[in-house]
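1. below are the sequence and a predicted model for it; my questions follow.
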Amino acid sequence: MLVEQKKIDEAVATIIGFGGTGILNCVQCGACSAVCPGVKAGFPLLCRNLIRSLLNGQLEEIIEDSSSWGCQACNRCTEVCPQGVRPQEVVFAFRRYQANELAFSTSAVTSQMNLYETGHAVFTDPKELRRQVGLPEVPPTSAFNKQAQEEIQALIDNGPMGELGLF
Amino acid sequence: MAAKVKTAFLLAGGCAGCEMSVVDLSEVLVDVLESIEIVFWAPTVADVKYCDLEEMEDNSIDVAFVDGMIRNTENEHTVKVLRAKSKVLVAFGACATLGGIGALGDLHTKEELFKQAYQDSFSTDNPDGVMPSPEYLLDGKYELTIPALLDNCATVDQIVDVEYYVGGCPPHPKFVGQILTSLLAGELPPPGSWITSGKAVCDSCSRNPVRNGQERLPVGEIKRTIDGTPDPDTCLLQQGYMCFGPVTQGDCEGSCLNVNMPCRGCGGPLPGIKDFGARCVSTIASSMADDAAVDQFIDKYNDMAKMFYRYAHTAGSLNRKVAALKDK
Amino acid sequence: MSFCPNIVGFACQWCTYAGADLAGNLRAKYPPSIKLIKVPCSGRVEPEHVLEAFAQGADGVLVGGCHFGDCHYKTGNHKTSQRMKIFAKLLADSGFDPRRFRLEWISGAEGYRFAEVVEEFTKELQELGPNPIKEGV
Amino acid sequence: MEKIGLYLGCNIPLKAPDIEQSIRQILPPLGVEPVDLEGAACCPAWGTAPSFDLDTWCAVSSRNITLAEEQGLDIMTGCNSCFGVLSEAKHFMEDGERRRTVNQKLAKINRSFEGTSDIYHIAHVLHKKVGMEKIREGLKFDLGGLKIAVQTGCHSLWPSDVYAVKEENPYQPTILKDLCEATGAEVPHYSRLGACCGMGGMRSTDMEKSLKLFKEKLVSIKEETDADMIVTTCSSCFLQFDMSQPILRERGEIDFEPLPTFYYTQLLALAMGCDPSQVAALSQIDRSAIIARIQDEQRLIKEVA
Amino acid sequence: MAKVGVYVCHCGSNIAGVIDVSAVRDYAETLPDVVIARKDLFMCSDSGQEMVKQDVRDGLVDRVVVAACTPRTHEPIFRAAIEKAGLNKYLFEMANIRDQASWVHGHDHEGATEKAKLVVASAVGKARHLEPLEDKFVDVTDAALVIGGGIGGISAALELANMGHKTFLVEKTPSIGGVMAQLDKTFPTNDCSACILTPMMVDAYNHPNIETLTYSEVDDVSGYIGNFSVKIRRKQAYVDWDKCTGCGDCAAKCPAKTPDEFNAGLSDRRAAFIMFPQAVPKKAVIDMDACINCGGREIGSEPKLNKKTGAPILAPCEKACPADAINRSLPLDPGGRIKEVEVGSIVVATGYQVMDKGWFKEMAPDSPNVITALQLERIISATGPTEGKLLRPSDNQKPKTITFVSCMGSRDANFHTYCSRFCCMYMIKQARLLKEKYPELVINMHFIDVRTAGKDYDEYYTGARRMGINFFKGKVGGLEMLPEDKLRVLAYDMESAESIEYASDLVVLATAVELPEDAQGLAQKLGLQFCGSNFFRELHPKLGPVETSTEGLFLAGCCQGPKDIPDTVSQAKGAAAAAAVPLAQGRVKIEPIISEIIPENCSGCGICVPLCPYDAIAMSEWAGTARAAIEMSACKGCGVCTSACPSGAIVLHGYEEDQIFAQIAALTSGGRNHAG
């Protein structure tokens, strides 16, 4: 691995730009990784190891790695971090970098489409089930609410997600 | 017999209380009049006109006393004339030296003052909302003028040079007597000075704990004068009644304290002190026990400017400059 | 166009002045708005000093002392706190914007904080504009 | 009766409406009136807007929060993920700069985030606002003798600095334990109490890794507690426990029958005597036997009966 | 009229790299009363100083302003220079244009230069009003006080005493010895702690120049270098120490139990107790907080009488004491008694405490088998609760696997950002001692990284690796409570980038070193300040490591920052040497930067009297009336009274009213409003 300052600066700036503002606080103690369910399950690039790669300037090299999408967003890392890094924000910042480069699994597209169209990331037609348990068929959510859906679409269109060409 | 000392009194924007103090000299005044000749005492006592003053020769008056602050164009004009006619000019009393109570009007705009005085006050009956105007044509033929209110109040020395200052609202008659006596004896401090004992009210106050060999304790609980009745023998400040005696020239010999009221500073600051209100804050705040007492104080006395600059607003180092901005 | 306000700072030599020196050691950047007058203790600062600075046209005045419990003279900063609390109210009630006056506790170990305080105060004064009495008189 | 905005999320109204029904049935008798947040959308889930753009995340979350703000209500969620996402978004919105930017977005749909609504999990509402005493008073059946393994779930524990209500020690959570014990049941400790169940992004990204984690947790429950059932306050954890136990069983990775799993309000609704066909109707694992044990006549509490 | 000379320093490029030094010099020349303005590459160099001295000697200048770095370091240097040239050294003022200008405004050269001009103008303004002042001298009390009886305090006291100075050694617990007395062995030599410490404790106690006051605390300190008055509260022991022989019979009979502090709470002691077997002095104490007043008899009340025999029914402790040292009928003052001593200098060696495990919620603090390293120290100590056998607290069984966790609360922004410095080493020591004694024990140690900077330290660590102790790089994230009171360790191995999980029987936390809670009160009494890490602040981290900003007050040991025993002893001896200087000199100089009351101007209001933090102001008779007066030697020159005096009667020399007003005038004179 070649260590290039330019690449390191670029990686750090990218992560900070996407919300991983604490990355430079990291002293690589590993406490985050010790409690991370993703690390335990075997995702190679989460928490301490992801931050290490980024601090080495390996941003482009790891862009296809799917570990970040295995992050449970549980924030155990944030709770134990002794330096206020908020490692989950770094993981998510990296995810955002990947997403904005369209480097994510196609299966993730469905939930974006669902969100855009129905306001619900998880969407199945609930009418039958709801009737069965004695509830009105239509829930009081955006699921069948045109105005609510338009509002969500306006919020998504008016931001980087809208520019990705998914919708 | 030596020539009598030519003396003048001018009331500027004041209440004439200072002149009452002169009159209160009673028999002493009779003795003094042996040695002085009143050449001008307007508009209160003598039947003289401003034009009489204007016609006098420059430097023809030996000593002139001005009481009251400079509040309108008339005050400003006459004090300038008097200055030219006088060898020695004395700013006499709290208003003339520091601004006095009336100067607190500078915390408000002219409009607010007029509205309050001519419209909103309880006893005013002015359904048409008529406001005084400097010029008025009566019946289409009589041109009447009244003095115009200045934008801001001024002390006498902010308008003309002043040789001596005397504090008090009003100056205590006994002290006035001493001043006149020393004037006549020619025992005067260098020009620019206050004629004063130079000591604080505390120095003559019988309640001052340290004069009685006791310790002065920090003030923990703050009281207003309406809170209970102060013990007449104990220091008022020590009891929590905010007394400005430590900060104030005590030529009054503690008149207010003698009737169980705390000092509010009419005597003015002690020699060498630049700003009465600011110094007063420093002293009074230092005498408090802790921040809690300070909070209690701020809570109980809601307007600090009217509290600490009650008599010294115009002389405050920043106030006149701030007042000049208020109508802008 | 923003202007560089002139801030007169009174700094106790044990804490805030030392903190300002530490900011230098750390090369912490802040605007050249503030100029410090060193005093032994913030308790040496009189309300008159602050008034004078404003009367002379200073855009802001900062009084800096030690944190409570940290005063080299045990309780000097408590007295400062008492005085300046009332004084700030006096300024406000006299019609002068009290935001131009700040009392801050900055220790000798807080170099970065000193820089941050100056940075922030400068920004606020830029928003407030120049001391109005400078033009007023 | 205290009103509170009922924020449903996605899973509960669309996939598990019996949980919704249980919430709607238990709250009024306990003195809380749930108010629908008409038009509420996804929180948005971690894998959507939060994975793309912070401001879009905050905008969608803030829109949901404004639905409650407009009615002057606080928000109550039943889903841990929603609780986490909304709480974190609100935390982000404390930054003035971000609040300005996001409010500019919201202005386009005539909304404005003010930050006046607090965000609660339904467990918090039951624990802090209703209280154990009132829960006990509302019971029809005493669950004494039943053993429950609890699963609090991640998103109401960490990071503790963003939550309006928090556990005294997030590593030893007690809120759900207290709630379950209020029904009379026993809630033994197990070592992987705080461990992740493997649901969420992990399950959609790598099913095998998710199951590996889940199995560890499940085994810890089985071996250390031998519980009669699992009770959770996270609708995602509920789905994992309900869907993945049969898979492990089928693969022969576990040698015991899947443990019936309930969302807490379902358990409480059953204990309060609600109709199981409405409040606990939908699950992969057959829960009829345990429901019968819960609503056994011998458990009837006299005063109520 | 003053003749002010202004000397502007380039400080190499430190100043000149940012500030236009020539422009500042040119500007200085235009200021009123400035007769000379010069510049030099390094004003503090010999040649720079010589330039000033020559101008003084030639009579060209009588006030000197140097525009350079901070007066906090360089004012003394220039004052000394002008004094050598024959000018009163207080006719000097510094303009700080480096630390507070060039170093912080590198992004704005023009702004920095303009600021430098104003700062110089301010210094000149003050200089014009400076008056000559004379140093004053006072005699010194030839005695020292050492606060804290740990290894630091003992070392300092012995050093001072051996130099011939009377020394009071004050310790708050019943025995000297401190934390070191609780330790089993010491790294890197594995010396038995008691074996090397106990002789020193005895030496100190028996030293003719040392008066050891244990079970005592400093109640109040007043005065100043050379003349401190100290009130020491000797706590009530409820045992007559003149009679007590330290036999321990009272403790043996006492029925009341309370956690034993010396054993870090792992065992109980009695209410009547001797702190530890090698205590010095070996005296019993009755802890009234724990005493159960046997027979319902409060201390200070007469015993009940036996109805049959009429004999008094004594408490077990009273009855047990063969030396008649315990008499519960005596109305002893619970506050103890105050002893007042006069000393010339003070060494503070109050030591540290370790954080409680309760702070670390992720570390299963409720488990009895999670312990602090100090607790393990007691477990492996022969005088400890298990008499040195490794048994875990939950079941008194020998653990098979033991885990060490470093950096608990140290290097952690949530608690203490600093490194506690000696944890790595003592963890390795404990692991080595255990592994030597129990080779079959599995020992896993988790570090962020291993820090072994010290003589023979790294060898000690590498040796531990060779002994078969397992080292993991990576901070432990948490513990989970397993059945049988075992703990699941959630750790991480940085080398393999994998998480680690295993069950451990005993977990040892190396919790951070911090000041004890009562340090705050002591700091107030002594006028000590705290550093960013919340230890007592030394005068200068490099050049004044044992001094404090209060003259005559010195620091030793962990109260100044975490240190191991060798460093503590070194610093203690350094502090003792520094504390001996004023005692040896016999008199000390008092800077004349102090307040003075002009009695002519005083109105006798007395406002200033309670304001003085040093009680230096009192009312006294002057010209037949009460006026305030300041005791010069007690004044420390804060100026709090000066600012409060309503009569303007108090002058703080060096910070006089006209000087400060001149500075304000200068700073507001030309304030440019440039685009920012």
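-> Now that the structure is in, tell me what you want to look at. Numbering: from 1, shown residues only, chains lettered A, B, ... in the order given.

2. which residues does the residue lying closest to A:N114 once chain neighbours are set aside contact?
-> Sequence neighbours aside, A:F123 is the residue nearest to A:N114 in space, at 4.4 Å (criterion: C-beta to C-beta, 6 or more residues apart in numbering or on different chains). For every residue, glycine as well, the C-beta is placed using N, CA and C. By C-beta atoms under 8 Å, 6 or more residues apart in numbering or on different chains, the contact set of A:F123 is A:N114, A:E117, A:A143, D:C10, D:L14.

3. now the helices for chain D?
-> For chain D, the helices defined by DSSP state H occupy D:17-26, D:54-69, D:80-92, D:96-107, D:122-124, D:132-137, D:175-181, D:201-205, D:207-225, D:235-251, D:264-271, D:276-279, D:288-294.

4. mean neighbour count, these: which tops it?
-> Highest mean neighbour count among these (mean count of other C-beta atoms under 10 Å in any protein chain shown): helix D:264-271, with a mean of 28.

5. with only the CA atoms kept, save it in CSV.
-> Taking C-alpha atoms only, helix D:264-271 is exported to CSV below (Å, rounded to 0.1, in the frame of the first residue of the first chain):
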residue,chain,number,x,y,z
TYR,D,264,-44.8,-6.2,24.5
THR,D,265,-48.1,-4.5,23.9
GLN,D,266,-49.4,-7.8,22.6
LEU,D,267,-48.4,-9.5,25.8
LEU,D,268,-50.0,-6.7,27.8
ALA,D,269,-53.2,-6.8,25.7
LEU,D,270,-53.5,-10.5,26.3
ALA,D,271,-52.9,-10.1,30.0
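
6. would you mind getting the angle between that helix and helix D:235-251?
-> Here the directions of helix D:264-271 and helix D:235-251 differ by 80 degrees (axes from the mean of the first three to the mean of the last three C-alpha atoms, to 10 degrees).

7. do helix D:264-271 and chain A meet at all?
-> No: between helix D:264-271 and chain A, judged by C-beta under 8 Å from any C-beta of the partner chain, nothing touches; the nearest distance is 10.9 Å.

8. what is that helix packed up against?
-> helix D:17-26, helix D:122-124, helix D:175-181, strand D:229-232, helix D:276-279, helix D:288-294 (3 or more C-beta pairs under 8 Å, 6 or more residues apart in numbering or on different chains; DSSP states H and E).

9. can I get these in JSON lines with distance to chain B?
-> Formatted as JSON lines, those follow (distance: least, C-beta to the nearest C-beta, whole Å):
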{"stretch": "helix D:17-26", "distance to chain B": "47"}
{"stretch": "helix D:122-124", "distance to chain B": "36"}
{"stretch": "helix D:175-181", "distance to chain B": "38"}
{"stretch": "strand D:229-232", "distance to chain B": "50"}
{"stretch": "helix D:276-279", "distance to chain B": "55"}
{"stretch": "helix D:288-294", "distance to chain B": "58"}
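
10. these: which one's closest to A:S67?
-> strand D:229-232 (26.5 Å; C-beta to C-beta).

11. pop the domain breakdown of chain A in here.
-> For chain A, automatic domain parsing gives the domain ranges A:5-100, A:107-160.

12. returning to that earlier point: now the helices of chain D in a markdown table, with distance to E:M51?
-> Shown next, in a markdown table, are the helices of chain D (distance: least, C-beta to C-beta, whole Å):
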| stretch | distance to E:M51 |
| --- | --- |
| helix D:17-26 | 85 |
| helix D:54-69 | 60 |
| helix D:80-92 | 60 |
| helix D:96-107 | 53 |
| helix D:122-124 | 74 |
| helix D:132-137 | 83 |
| helix D:175-181 | 75 |
| helix D:201-205 | 72 |
| helix D:207-225 | 75 |
| helix D:235-251 | 78 |
| helix D:264-271 | 83 |
| helix D:276-279 | 93 |
| helix D:288-294 | 95 |
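
13. among those, which comes closest to B:A200?
-> helix D:96-107 (50.1 Å).

14. list the contacts of the closest one.
-> A:155, A:158-159, D:54-56, D:58-59, D:62-63, D:66, D:92-93, D:112-113, D:115.

15. now swap in stretch D:57-71 and tell me
-> Residues outside stretch D:57-71 that contact it (C-beta under 8 Å, 6+ apart): A:151-152, A:155-156, A:158-159, D:5, D:7, D:35, D:37-44, D:49-50, D:74-75, D:85-86, D:89-90, D:92-93, D:98, D:102-103, D:105-106, D:109, D:111-114, D:116-117, D:119.

16. out of those, which are buried?
-> When these are checked for burial by 16 or more other C-beta atoms under 10 Å in any protein chain shown, the buried set is A:151-152, A:155-156, A:158-159, D:5, D:7, D:37, D:39-44, D:49-50, D:74-75, D:85-86, D:89-90, D:92-93, D:98, D:102-103, D:105-106, D:109, D:111, D:113, D:117, D:119.

17. which ones among those are found in strands?
-> D:G5, D:Y7, D:I75, D:I119 (DSSP state E).

18. ok, so of the residues you listed, who is nearest B:E221?
-> Looking across those and measuring by C-beta to C-beta, the closest to B:E221 is D:I119, at 43.9 Å.

19. just give the nearest non-adjacent residue to B:A200, would you?
-> Per C-beta to C-beta, 6+ apart, closest to B:A200 is E:S603, 3.5 Å.

20. pretty sure that neighbour sits in a strand.
-> No: if the criterion is DSSP: H, G, I helix; E, B strand; the rest coil, then E:S603 is coil and not within a strand.

21. my read: it touches B:P269, true?
-> No: applying C-beta atoms under 8 Å, one finds E:S603 not in contact with B:P269, separated by 11.8 Å.

22. in the chain, which helix or strand is least confident?
-> Picked chain A for this. helix A:107-118 (a mean of 90; mean pLDDT, DSSP states H and E).

23. that's the wrong chain, I meant chain D
-> Every helix and strand of chain D was ranked by mean pLDDT, DSSP H and E. The lowest is helix D:201-205, at a mean of 90.

24. so which elements touch that one?
-> Right, helix D:201-205 is packed against helix A:37-41, helix D:207-225 by 3+ C-beta pairs under 8 Å, 6+ apart.
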